[in-house]
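1. kindly generate the corresponding structure for this input.
(one chain, ligands or ions: 2)
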Amino acid sequence: MRFAASIVLLCVVAISSQAEDVRREVRFPDVPGYHTLACDFHMHTVFSDGLVWPTVRVREAWRQGLDAIAITDHVEYRPHKDDISTGHNRPYDLARSGALAENVLLARAVEITRETPPGHFNAIFIDDADLIETPDFVEAIKRANEQGGFVFWNHHEWKGAERGRWLDVHSTLYDNGWLHGMEIANGSSYYPTAHAWCLEKNLTMIGSSDIHAPDLRRENTAAEHRTLTLVFAKERTLDALQQALRKGRTVVWFDDQLIGRASLLTSLFHCCVQVSAPHFRAKNYVMAEIHNLCAADIHLQRRGDVGPSQLTLPALSTSLVRISTDRPDEALQLDYEATNLLVRPASGLPVTLEFAAAGAE
Ligand SMILES: [Zn+2]
Ligand SMILES: [Zn+2]
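-> Ligands and ions are numbered 1, 2, ... in the order given. Now for the predicted structure:
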């Protein structure tokens, strides 16, 4: 009896550990010339105000389909320091071997954490986190840059009377070339001002979870996913990732929106959305299939005269569409706005769907 119980227990343990090792891929296709990497460059552990050990962040990242992460514990805010007092490099050093084993790219990083202004800034791809600790804020950012760090301004609308404002201190960083990006989305918040500034000042758009608690998400879908950054890198390496960030090759996946520069979003759209030639041609309409190969639903609003007035292409699905036309054998061009692919605040990406003429497919 005890033997049978042990077998049952072993099976339960085996099944549950197997279930934990399932990776839920973040499905976005590669685009011409680049690998599409799913990245989260903002998260905390018990080494600042987070609630997990650094190795857990790596395992979560693998399970959640991420390619790259940065553990960004606060330099200046360490509520657990009576229990965990050690240098700022320790979270990275603890997580590194697990990251190698689990095929997750891990950048050494910190969150430089000051009252607003100036606010909070992540420095990622640094060499020595301990050297970033200094009373002078501008000096801390300078040191991060001297180490080759990529610096972005976090959640700029969060907390303090002067939140959300671009002040002299920010110009000092920007004019020195020490500020490379901004979070346009952090967790459940989207910042249209930061989005506009990234376009105006050529800063890289970043979306992050800023997760503090364990990530217990069982799904990784269009409706429920981490806020993250898609980075378009020449290779799946830390060097290529850093180069892509410096070139601004990112799209932010926030809620049901994809936010980025028009050229990248256009490229991504055409890799995600594939149109089949009409499989049925009647006298005054055709039937065709549109495939959405990515993890986000895509919402389309008609701009031209042809096609349904609105279309939703659900994630990882095929949609059947009926297109009214007096010339069913001819090629069709349908002009739409992808309303949840934002090229500017509140402004969707113009796209064209092209259906082949009869005999041309
Ligand atoms: Zn912060
Ligand atoms: Zn944070």
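
2. could you list the low-confidence segments of the chain?
-> 1-20, 361 (pLDDT under 70).

3. so which residue of it comes closest to ligand 1?
-> Minimum separation of the chain from ligand 1 (CB to the ion) falls at His120, amounting to 3.5 Å. Every residue, glycine included, has its C-beta placed from N, CA and C.

4. next up, the contacts around the residue lying closest to that residue once chain neighbours are set aside.
-> Nearest residue to His120, sequence neighbours excluded (CB to CB, 6 or more residues apart in numbering): Asn154, at 4.3 Å. By CB atoms under 8 Å, 6 or more residues apart in numbering, the residues touching Asn154 are 42, 111, 119-122, 183, 186, 208, 210.

5. who in the stretch 51-200 of the chain is up against ligand 2?
-> Glu111 (CB under 5 Å from the ion).

6. can you give me the helices for the stretch 51-200 of the chain?
-> 54-63, 90-101, 137-146, 168-175, 192-201 (DSSP state H, counting those that start in this stretch).

7. got CSV for these, with mean neighbour count and distance to Ser267 too?
-> Shown next, in CSV, are the helices of the stretch 51-200 of the chain (neighbours: other CB atoms under 10 Å; distance: least, CB to CB, whole Å):
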stretch, mean neighbour count, distance to Ser267
helix 54-63, 22, 25
helix 90-101, 18, 29
helix 137-146, 19, 30
helix 168-175, 14, 28
helix 192-201, 17, 17
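
8. quick one, which of those helices is nearest to Asp239?
-> Smallest distance to Asp239 across those (CB to CB): 15.4 Å, for helix 90-101.

9. sheet partners, orientation included, of the longest strand belonging to the chain?
-> In the chain, taking DSSP state E as the definition, the longest strand is strand 332-344. Strand pairing for strand 332-344, using DSSP bridges, gives strand 257-260 (parallel), strand 298-302 (antiparallel), strand 347-355 (antiparallel).

10. which one of those strands lies nearest to ligand 2?
-> Closest to ligand 2 of the strands paired with strand 332-344 is strand 257-260 (CB to the ion; 19.9 Å).

11. and the helix or strand following that closest one, what does it pack against?
-> Note on strand 257-260: by DSSP states H and E, the next helix or strand toward the C-terminus is helix 262-272. Counting contacts by 3 or more CB pairs under 8 Å, 6 or more residues apart in numbering; DSSP states H and E, helix 262-272 packs against strand 250-254, strand 257-260, strand 332-344, strand 347-355.

12. hmm, 7 Å instead?
-> Using 3 or more CB pairs under 7 Å, 6 or more residues apart in numbering; DSSP states H and E, the elements in contact with helix 262-272 are strand 250-254, strand 332-344, strand 347-355.

13. most tightly surrounded among these?
-> strand 250-254 (a mean of 25; mean count of other CB atoms under 10 Å).

14. direction included, what does it pair up with?
-> strand 228-233 (antiparallel), strand 257-260 (antiparallel).

15. quick one: work out the angle between that strand and helix 262-272.
-> Here strand 250-254 runs at an angle of 70 degrees relative to helix 262-272 (axes from the mean of the first three to the mean of the last three CA atoms, to 10 degrees).

16. residues in contact with Gln242?
-> The neighbours of Gln242, taking CB atoms under 7 Å, 6 or more residues apart in numbering as the test, are 125, 150.

17. quick one: the residue nearest to His120 from Pro350, how far?
-> From Asn154 across to Pro350, the span is 31 Å (CB to CB, to the nearest Å).

18. quick one: residues contacting the closest residue to Leu311 other than its chain neighbours.
-> Nearest non-adjacent residue to Leu311, counting by CB to CB, 6+ apart: Leu300, 4.2 Å away. Residues near Leu300 by CB under 7 Å, 6+ apart: 310-311, 313, 336, 338.

19. so Glu289 sits against Ser276, correct?
-> Yes - contact criterion CB atoms under 7 Å: Glu289 and Ser276 qualify, at 4.4 Å.

20. so which residues on the stretch 1-150 of the chain come close to ligand 1?
-> Contact residues, the stretch 1-150 of the chain versus ligand 1 (CB under 5 Å from the ion): His120.

21. return the set of buried residues in the particular helix or strand that has Ala288 in it.
-> Following DSSP H and E, one finds Ala288 within strand 285-292. Residues 286, 288, 290, 292 are the ones in strand 285-292 that count as buried (16 or more other CB atoms under 10 Å).

22. ok, now how distant is the third one from Asp67?
-> Which is Ile290. Distance, Ile290 to Asp67, by CB to CB: 28 Å.

23. check contacts around the nearest residue to Leu131 once chain neighbours are set aside.
-> Once flanking residues are discounted, Leu131 sits nearest to Arg143: 5.5 Å by CB to CB, 6+ apart. Going by CB under 7 Å, 6+ apart, Arg143 touches 131-132, 134.

24. make TSV out of the residues you listed and add neighbour count and distance to Val104.
-> Formatted as TSV, the contacts of Arg143 follow (neighbours: other CB atoms under 10 Å; distance: CB to CB, whole Å):
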residue	neighbour count	distance to Val104
Leu131	15	25
Ile132	23	23
Thr134	14	30
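
25. mind listing which of those are in strands?
-> Among the contacts of Arg143, no member is found in strands (DSSP E).

26. ok, so of these, who is nearest ligand 2?
-> The closest of those, once distances to ligand 2 are taken by CB to the ion, is Ile132, at 14.7 Å.

27. what sits against the closest one?
-> With contact taken as CB under 7 Å, 6+ apart, Ile132 is in contact with 75, 88, 110, 112, 123, 126, 140, 143-144.

28. over to Trp253?
-> Trp253 neighbours (CB under 7 Å, 6+ apart): 207, 225, 227-228, 230, 296.

29. let me know the closest of these to Glu354.
-> Distances from Glu354 to the contacts of Trp253, taken as CB to CB, are shortest for Ala296 (21.5 Å).
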